[in-house]
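Student: the following comprises the amino acid sequence and a computationally predicted model.
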Amino acid sequence: MNLEYDIIYSNRRTIGITVERDRRVVVRAPKHAVSAAVAAIVEQKRLWIWNKLRDPRKYPHSRPEKEFVAGEAFLFLGQSFGLKLVSERRGDVRFDGRYFELSRDDRRTVRELFVAWYRAQAKVHLTPRVDAMARAMGIAAKRIVVREMTSRWGSCSPSGTLTFNWRIVQAPTGVVDYLIAHELAHVIEPAHSPDFWNIVAVHVPAWEKARRWLRQHGGRLEW
């Protein structure tokens, strides 16, 4: 059976393969790598790739492609809002609680404008929730970073820095709280041990429901 994959060339030294959450196979290769060498590595890892593709934790549906047209829906804190195109120049995305607004003149940079808006909103909404949950756990969040992450919702560094994917602000608040609790719990317990999950459960009792939501609907956030 034919195996489709995307190739990304960079200054790396080796060929690496990942199967993204949306079941997309990505091969990262050195700039000088020839196609035959890439194909040989993929063939060598074929069984591993197919096993990853069948992993139930992968999204059941393919990643959506945004067209940024009038009426298109965008998620914010679990709710869907339509996009309205306006004629006046704006240079940014605006949201009035009912719909998003974007200037027709900004269509060429629309994704960058939306990402900037979501990143700003993520910082606004995440910071107080992280601080409140950290206090409840008896710890302190040293630093909160919001950025583009291609394969994770968040991370916790050994120094206590919490990094979150801007996309999570599209999810319902219960899911956001689960992801916050997940990363904060790593400050106390680095491994996904029973103690770790107990910490998460104490602060977000519905964490299993939130995790199921991510597995079923997380692909809608990946654009």
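Tutor: Nice, I can see it. Residues are numbered from 1 along each chain as shown.
Student: buried residues, the helix or strand where residue 217 lies. List them.
Tutor: If you go by DSSP states H and E, residue 217 is part of helix 207-217. Neighbour counts over helix 207-217 (16 or more other C-beta atoms under 10 Å) mark 207, 210, 211, 213, 214, 217 as buried. In this view, the C-beta of every residue, glycine as well, is placed from N, C-alpha and C.
Student: what is the nearest of the residues you listed to residue 4?
Tutor: Proximity of the buried residues of helix 207-217 to residue 4 (C-beta to C-beta) peaks at residue 217, which lies at 24.3 Å.
Student: neighbours of the residue nearest to that closest one when sequence neighbours are not counted, how many?
Tutor: Nearest residue to residue 217 in three dimensions, chain neighbours excluded: residue 171, at 8.0 Å (C-beta to C-beta, 6 or more residues apart in numbering). For residue 171, the neighbour count with other C-beta atoms under 10 Å is 24.
Student: send the alpha carbons of the helix holding residue 217 over as PDB?
Tutor: C-alpha atoms of helix 207-217 as PDB (Å, rounded to 0.1, in the frame of the first residue of the first chain):
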ATOM      1  CA  TRP A 207      -9.900  15.700  33.500                       C
ATOM      2  CA  GLU A 208     -10.800  12.500  31.800                       C
ATOM      3  CA  LYS A 209     -13.700  14.100  30.000                       C
ATOM      4  CA  ALA A 210     -11.400  17.000  29.000                       C
ATOM      5  CA  ARG A 211      -8.800  14.500  27.600                       C
ATOM      6  CA  ARG A 212     -11.500  12.700  25.600                       C
ATOM      7  CA  TRP A 213     -12.600  16.000  24.100                       C
ATOM      8  CA  LEU A 214      -9.000  16.700  23.000                       C
ATOM      9  CA  ARG A 215      -8.800  13.200  21.400                       C
ATOM     10  CA  GLN A 216     -12.100  13.600  19.600                       C
ATOM     11  CA  HIS A 217     -12.000  17.300  18.700                       C
END
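Student: alpha carbons of the worst-scoring helix or strand of the chain on mean pLDDT, as CSV, please.
Tutor: Least confident helix or strand of the chain, by mean pLDDT, DSSP states H and E, is helix 46-53 with a mean of 85. Provided in CSV are the C-alpha atoms of helix 46-53 (Å, rounded to 0.1, in the frame of the first residue of the first chain):
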residue,chain,number,x,y,z
ARG,A,46,7.0,1.3,7.3
LEU,A,47,5.7,-1.0,10.0
TRP,A,48,6.4,1.5,12.7
ILE,A,49,4.6,4.2,10.7
TRP,A,50,1.5,2.1,10.2
ASN,A,51,1.4,1.3,13.9
LYS,A,52,1.5,5.0,14.7
LEU,A,53,-1.2,5.7,12.1
